[in-house]
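# based on what follows, work out the 3D shape:
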Amino acid sequence: MANRTEIRSFFETLSAVWGTQNWWPADSPFEVIVGAILTQNTAWINVELALANLRRARVLSLEGIRRTPLSDLESLIRPAGFFRQKSARLKSFVSWLDLTYQGSLDKMLSTPTARLRTELLALNGIGPETADSILLYAGQHEIFVVDAYTRRIFERHRLIKPDAKYDSIREMVESTLQRPSTAIVEPALPSPTVEPGPGPAEEALELRKCCRLETPELHPGQVWSAAENDVYDDSPGGVPTSW
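Numbering: from 1, shown residues only. Okay, here's the model as predicted:
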């Protein structure tokens, strides 16, 4: 594992250049949760199509998922792939919320982080990345999400070994950064680690140099980035599909 100075330098550089990114793209905490489940094992563009279907059908809500027949829900989220498993996971989540928190997202998200994380991980199809995405982006809990981009970037810069476990990476970052979800981590991932944003080419090149994101093997002008469509199923039994 990398030392703390390396990790802090990495995130402070990205934070200084990019600022707050306001990720995750959603209009409500529940939409974040739905997106976190749908994005398993698929590219985000497919999730957007599924979310658009749910919006058009006016069922992108707790009540909507609760009352929609399973077969109809499967059809609506079909673009996200694995629609039978994912529709069952959405139904399972809503049923658990009803039983455990009387259907209140506010109550659920106000639960202490460690306890809620354990509860989420016990649900069907909810793995560490999905649980932590819900905690951070829906509930604003201070926790670090280790997604496929994080792992690729960290491996690329030798901050971790290829066989590093999810929780060891998360704990490494959280122990280094006092507030893992705010001023440093959130702006750094995923956008700046994927690809430089709009701006003059010279500025983008300097950014890649200062962040050590330029790959020597590429020709001048080419840019290394985490693959656009990296997908990962973090549910129990899930496997990486593109790396």
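# use CA for all of it now, contacts and neighbours both
Noted.
# by average pLDDT, which secondary structure element in this protein comes out worst?
Using mean pLDDT, DSSP states H and E, helix 191-194 stands out as the lowest-scoring helix or strand of the chain, at a mean of 39.
# list the buried residues of stretch 51-59.
Judged by neighbour count using 16 or more other C-alpha atoms under 10 Å, the buried positions of stretch 51-59 are L51, N53, L54, V59.
# quick one: the first one and L60 touch, right?
Translated: L51. Yes - L51 is in contact with L60 according to C-alpha atoms under 8 Å; the separation is 7.4 Å.
# where in this protein is pLDDT low?
1-2, 178-243 (pLDDT under 70).
# one more time with 50, if that's ok
Low-confidence segments of the chain (pLDDT under 50): 180-207, 209-211, 213-232, 237, 239-243.
# for the most centrally placed residue in the chain, pull up the helix or strand it's in.
In the chain, the centroid-proximal residue (C-alpha atoms, centre = their mean) is S133; its distance is 5.1 Å. S133 is part of helix 128-133, with elements assigned from DSSP states H and E.
# how far is that helix from where the chain is centred?
Averaging C-alpha positions (C-alpha atoms, centre = their mean, to the nearest Å) puts helix 128-133 7 Å from its chain's average.
# show me what that helix is packed against.
Helix 128-133 sits against helix 29-38, helix 113-121, with contacts defined as 3 or more C-alpha pairs under 8 Å, 6 or more residues apart in numbering; DSSP states H and E.
# repeat that for 10 Å
helix 29-38, helix 113-121, helix 166-176 (3 or more C-alpha pairs under 10 Å, 6 or more residues apart in numbering; DSSP states H and E).
# counting neighbours, which bits of the helix ranked longest in the chain end up buried?
As assigned by DSSP state H, the longest helix anywhere in the chain is helix 83-101. By neighbour count on 16+ other C-alpha under 10 Å, the buried set for helix 83-101 is F83, K86, S87, R89, L90, K91, S92, F93, V94, S95, W96, L97.
# show me what contacts the first one?
F83 makes contacts with L38, A50, S71, L73, E74, S75, L76, I77, R89, as judged by C-alpha atoms under 10 Å, 6 or more residues apart in numbering.
# please apply the same query to the fifth one.
Residues counted as contacts of L90 (C-alpha under 10 Å, 6+ apart) are I33, V34, I37, L38, L62, I65, R66, L70, L73, W96, N124, G125.
# put together a markdown table for those residues, with distance to N22 on each row.
Below are the contacts of L90 laid out as a markdown table (distance: C-alpha to C-alpha, whole Å):
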| residue | distance to N22 |
| --- | --- |
| I33 | 16 |
| V34 | 18 |
| I37 | 20 |
| L38 | 20 |
| L62 | 24 |
| I65 | 26 |
| R66 | 29 |
| L70 | 33 |
| L73 | 29 |
| W96 | 29 |
| N124 | 29 |
| G125 | 26 |
